[in-house]
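Chemist: A structural model of the following input is requested.
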Amino acid sequence: MSGVITASQPSWIGPFSGLSPRQFGKLITALRREGADPVRKGRPWSLPLEDRVLLVAAYWRTNLTLRQLAPLFGVSKSAADRIIDHLGPSLALQQRKRFRKDTVLIVDGTLVPTRDHSIAEQSKNYRYSTNHQVVIDADTRLVVAVGRPLPGNRNDCKAWELSGAKAAVGRTTVIADGGYRGTGLVIPHRREPGQSELEPWKEEHNSSHRKVRARVEHAFARMKTWKILRDCRLKGDGVHHAMLGIARLHNLTLAG
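Modeler: Coordinates of the predicted model:
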């Protein structure tokens with residue numbers, strides 16, 4: 001069975017991965033260096049590494065079902081499923097462990113509608129979702145850490161620590177919205193009981209805070225062009241692997 005989509009034709013890479021051919025080539029080189037294409041015992045993969053990576057990226061990008069996507073690459077549904085299970089974790093973002101002293105990070109939680117109800121709960125969008133804590137660098141806007149997914153009914157102030165995002169950034173300065181009260185993060189000033197309005201300097205600070213914090217919302221908007229984050233059918237750790245992999249692809253698009 002011959003496929004239609006292949007990485008050997010650069011024109012397919014952009015629409016189905018979100019990367020330019022140059023960025024896609026850098027990703028393939030990095031994956032080979034990381035050992036993502038070892039020599040297997042037994043039956044070899046039916047697709048080269050480039051096409052397998054494109055298949056995974058296309059699955060995340062389009063959110064087509066495997067029955068729809070597999071024939072486009074000339075493989076069976078079960079083969080496509082094995083490729084995603086094998087390569088998904090290999091595409092995960094390598095989360096940063098050290099930061100410069102002057103680094104400022106931004107954190108926020110985003111909800112991913114998730115069909116696996118064993119890891120999801122009904123959230124404020126009235127859908128079964130998972131809460132993902134995403135941390136970006138305020139200067140470069142690159143994703144530096146992604147917490148473990150939690151049920152969508154968890155508040156951000158709880159999810160910040162429970163997801164492991166807090167441990168991932170250590171003592172680095174982090175700014176967040178008002179939903180992170182009591183966490184020690186830099187959040188907007190609030191009116192005290194009986195106070196009708198904030199002092200001018202606090203209003204000015206809040207205005208600056210909003211403009212900087214909006215960068216994480218822009219990151220979410222770009223990441224959710226990979227449509228699997230709008231309705232994830234993957235089970236278990238699949239949604240976590242997809243979020244980490246998409247974070248890596250997002251960083252590649254920004255870094256060039």
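
Chemist: Quick one: the strands in the stretch 101-250 of the chain, in order.
Modeler: 104-113, 121-122, 128-137, 143-146, 150-151, 173-175 (DSSP state E, counting those that start in this stretch).

Chemist: Now distance to residue 44 too, for those strands, in JSON lines please.
Modeler: For every residue, glycine as well, the C-beta is placed using N, CA and C. Shown next, in JSON lines, are those (distance: least, CB to CB, whole Å):
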{"stretch": "strand 104-113", "distance to residue 44": "34"}
{"stretch": "strand 121-122", "distance to residue 44": "42"}
{"stretch": "strand 128-137", "distance to residue 44": "35"}
{"stretch": "strand 143-146", "distance to residue 44": "32"}
{"stretch": "strand 150-151", "distance to residue 44": "39"}
{"stretch": "strand 173-175", "distance to residue 44": "45"}
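
Chemist: Can I get these in CSV including distance to residue 93 and mean neighbour count?
Modeler: Formatted as CSV, the strands of the stretch 101-250 of the chain follow (distance: least, CB to CB, whole Å; neighbours: other CB atoms under 10 Å):
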stretch, distance to residue 93, mean neighbour count
strand 104-113, 15, 22
strand 121-122, 25, 14
strand 128-137, 10, 24
strand 143-146, 6, 24
strand 150-151, 18, 20
strand 173-175, 18, 19
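
Chemist: Columns mean pLDDT on top of those, output as TSV?
Modeler: Below are the strands of the stretch 101-250 of the chain laid out as TSV (pLDDT from 0 to 100):
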stretch	mean pLDDT
strand 104-113	96
strand 121-122	94
strand 128-137	97
strand 143-146	97
strand 150-151	96
strand 173-175	96
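
Chemist: Tell me which of these lies nearest to residue 220.
Modeler: Minimum separation from residue 220 across the strands of the stretch 101-250 of the chain (CB to CB) falls at strand 104-113, 5.0 Å.

Chemist: Can you spell out which helices and strands pack onto the closest one?
Modeler: strand 128-137, helix 156-162, helix 165-169, strand 173-175, helix 200-223 (3 or more CB pairs under 8 Å, 6 or more residues apart in numbering; DSSP states H and E).

Chemist: Of all the strands of the stretch 101-250 of the chain, which one is nearest residue 216?
Modeler: strand 104-113 (4.5 Å).

Chemist: Which residues does residue 122 form beta bridges with?
Modeler: Residue 122 has these beta-bridge partners by DSSP bridges: residue 128.

Chemist: For it, give me its contacts.
Modeler: 128, 129, 152, 153 (CB atoms under 8 Å, 6 or more residues apart in numbering).

Chemist: wait, doesn't residue 254 sit right on residue 137?
Modeler: No. Taking contacts as CB atoms under 8 Å, residue 254 lies outside contact range of residue 137: 10.2 Å.

Chemist: Out of the strands of the stretch 101-250 of the chain, which is closest to residue 188?
Modeler: When the strands of the stretch 101-250 of the chain are ranked by proximity to residue 188, the top entry is strand 173-175, at 9.2 Å, counting by CB to CB.

Chemist: what packs against that closest one?
Modeler: strand 104-113, helix 200-223.

Chemist: Among the ones you listed, show the one with the smallest mean pLDDT.
Modeler: Mean pLDDT per stretch puts helix 200-223 lowest among the helices and strands packed on strand 173-175, at a mean of 93.
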